[in-house]
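Visitor: Here is the input, now give the coordinates:
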Amino acid sequence: MLQAYLYVQLIYLFMKKVIAIVVAVILLVLAGFALITMGDRGGAVVDSTDETAIVIVDGEIITQSEYDVFLAQVAAEQGVDVSTLDEATLAQLRVQVIDALISGRLLQQAAEEAGVEATDEAVETQLTQLKSQFPDEAAYEEELVAQGLTEEDLRTNIRQDMEVQTYLDEILNFNSITVTDEEVAEAYVEISANEDVPPLEEISAQLESLLIQQKQQVVVAEHLAELRAAADVEVR
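Guide: Now for the predicted structure:
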């Protein structure tokens, strides 16, 4: 409960300072394989057959079906019924989803160019862990059909996501990002000025972790800006 409480408070205080697309990347791009776990969509089937190109990123196509799947994921996570959105809100959501897809493709391309490769063993381990979330093989297969995926598609998604995660961890030196005691103390002062929170010594570890995540997101935002500036992106 304490950690969840801190998370909500810090997201409110700090994440508003971070470029919005980074949040989309963290939630969507790095967890693309989780699309298959969207069991809370009431069994709705996403149409993944439309191969119309809606974006071209350095010669690579992002299809309408990819957009549809991501849009369904965003809507499900936010508890939003897309059919009830007005035209202006839907247009804004479309821009955000397309930006997230572009960012994801840019990171995938950067990981490939950097020579980052996920091993077959690591991919199979992740696939096994994902399949274990389902009660049986039939439920797993049913969800694959609902997502318009084959198991090989899923393996590809898992591989790409693992490679992007490795790229972010290693190439962008995520492990070297730290925060000082002074930064933790400043964050605590900012939060405690408006909220009743436990003593600093009880929550300093959680604050440190969240502040590191904030810095990581800023690094991703800056890197994505560089990738986007150097890329040839066509939105149709």
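Visitor: Which positions within the helix or strand hosting residue 68 qualify as buried?
Guide: Under the assignment given by DSSP states H and E, the secondary-structure element containing residue 68 is helix 64-78. Using 16 or more other CB atoms under 10 Å as the test for burial, helix 64-78 gives 64-76. In short, each C-beta sits where N, CA and C put it, glycine included.
Visitor: Going by residue numbers, what spans are helices in this protein?
Guide: Listed in chain order, the helices found in the chain under DSSP state H are 2-14, 20-28, 64-78, 87-113, 120-131, 137-147, 151-166, 181-192, 200-230.
Visitor: Same list (the ones you listed) but as a markdown table, adding mean pLDDT and distance to residue 56.
Guide: Shown next, in a markdown table, are the helices of the chain (pLDDT from 0 to 100; distance: least, CB to CB, whole Å):
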| stretch | mean pLDDT | distance to residue 56 |
| --- | --- | --- |
| helix 2-14 | 37 | 34 |
| helix 20-28 | 40 | 19 |
| helix 64-78 | 80 | 12 |
| helix 87-113 | 89 | 10 |
| helix 120-131 | 92 | 27 |
| helix 137-147 | 83 | 24 |
| helix 151-166 | 88 | 18 |
| helix 181-192 | 89 | 41 |
| helix 200-230 | 89 | 14 |
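Visitor: could those helices be laid out in JSON lines, adding distance to residue 175?
Guide: Formatted as JSON lines, the entries for those read as follows, by distance: least, CB to CB, whole Å:
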{"stretch": "helix 2-14", "distance to residue 175": "21"}
{"stretch": "helix 20-28", "distance to residue 175": "17"}
{"stretch": "helix 64-78", "distance to residue 175": "28"}
{"stretch": "helix 87-113", "distance to residue 175": "17"}
{"stretch": "helix 120-131", "distance to residue 175": "18"}
{"stretch": "helix 137-147", "distance to residue 175": "33"}
{"stretch": "helix 151-166", "distance to residue 175": "12"}
{"stretch": "helix 181-192", "distance to residue 175": "18"}
{"stretch": "helix 200-230", "distance to residue 175": "10"}
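Visitor: so how far is stretch 170-177 off the chain centroid?
Guide: From the chain centre to the centre of stretch 170-177 is a distance of 18 Å (CA atoms, centre = their mean, to the nearest Å).
Visitor: Ends of it, what's the gap?
Guide: Using CA to CA, to the nearest Å, the end-to-end distance of stretch 170-177 comes out at 11 Å.
Visitor: Same question for stretch 192-208.
Guide: With CA to CA as the measure, the first residue of stretch 192-208 is 15 Å from its last.
Visitor: Check stretch 110-120 too.
Guide: One end of stretch 110-120 to the other measures 20 Å (CA to CA).
Visitor: how far does it sit from the chain's center?
Guide: Between the mean C-alpha position of stretch 110-120 and that of its chain there is a distance of 18 Å (CA atoms, centre = their mean).
Visitor: what residues does it touch?
Guide: Applying CB atoms under 8 Å, 6 or more residues apart in numbering, the contact partners of stretch 110-120 are 158-160, 162-164, 166-167, 170-171, 227.
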